[in-house]
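>>> Provided below are the primary sequence and the corresponding predicted coordinates.
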Amino acid sequence: MNDFNPSADPVFDGFLAQQSREGMELASESDLLVLHPAPQSPPHFIAEFRCRGLVREGEGAITECDSFHVGIWFPADYLRRADPFQMIRLFTPNVWHPNIGRQHPLICTGKIAPGTRLVDILYQIYDILTYQKYTPNEFDSLNKAACSWARANAQMFPIDRRPLKRRSLQLEVREI
């Protein structure tokens, strides 16, 4: 996974290589995440989340969906400046969530500091898709209708309670 075209910035290249390793490690320890390096990777990744979330069908029905694709891109100045609206794109259509735009494939993860790790961004996206994180205020949402709907249906959340990272179970067997 380290076979990418290096930039002129060895610090950024080291950061990207580390993000690739950590992201692929998280995906290998998850039943819900598959991480695909995009053809021009890094700094591009496509995260496939196999978790339950919500979509709005063409006729308006809100239904569960169990597959979401999100593109994540690290611009060359990412260690100095981070704009989540520039970096994160939702490829799955009609996702129903207050933090996800209806007309545009934007996801509001909240503030992302420069240099935030890929795995932290993946966790934030997962928390949004599964409704473990959402804004209840219309003035702060990208989808006001979904925001109002979410407040009225808060008892349903989170939609998916499974952890993104598989929990390890350590058993010790003793003879009695």
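Received it, and whenever you're ready, just let me know what you need.

>>> the helices in the chain, which residues?
Here the chain has its helices, by DSSP state H, at 10-28, 84-87, 118-129, 144-152.

>>> quick one, what contacts residue 96?
54-56, 62, 143, 146, 149 (C-beta atoms under 8 Å, 6 or more residues apart in numbering). Where C-beta positions appear, they are placed from N, C-alpha and C, glycine not excepted.

>>> please apply the same query to residue 113.
Contacts of residue 113 (C-beta under 8 Å, 6+ apart): residue 82.

>>> please shift the residue numbers so they start at 774 in all later answers.
In the new numbering, first residue 774, that becomes residue 886.

>>> measure it to residue 843 for me?
19 Å (C-beta to C-beta, to the nearest Å).

>>> which residues of the protein score low on pLDDT?
774-780, 812-815 (pLDDT under 70).

>>> which residue is nearest the centroid of it?
residue 898 (2.6 Å; C-alpha atoms, centre = their mean).

>>> still on that earlier bit, return the most buried member of the helices of the chain.
Each of those was given a mean neighbour count from mean count of other C-beta atoms under 10 Å, and the largest, a mean of 22, is that of helix 891-902.

>>> now the helices of the chain in a markdown table, with distance to residue 948?
Putting these into a markdown table (distance: least, C-beta to C-beta, whole Å) gives the following:
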| stretch | distance to residue 948 |
| --- | --- |
| helix 783-801 | 34 |
| helix 857-860 | 54 |
| helix 891-902 | 40 |
| helix 917-925 | 53 |
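
>>> which of the ones you listed sits closest to residue 850?
Checking those against residue 850 by C-beta to C-beta gives helix 783-801 as the closest, at 8.7 Å.

>>> list the contacts of the residue lying closest to residue 845 once chain neighbours are set aside.
Leaving aside its chain neighbours, residue 845 sits nearest to residue 818 (4.7 Å; criterion: C-beta to C-beta, 6 or more residues apart in numbering). Contact analysis of residue 818 by C-beta under 8 Å, 6+ apart lists 793, 796, 808-811, 844-846, 891.

>>> drop anything exposed from those residues.
Among the contacts of residue 818, the ones that count as buried by 16 or more other C-beta atoms under 10 Å are 793, 796, 808, 810, 844-846, 891.
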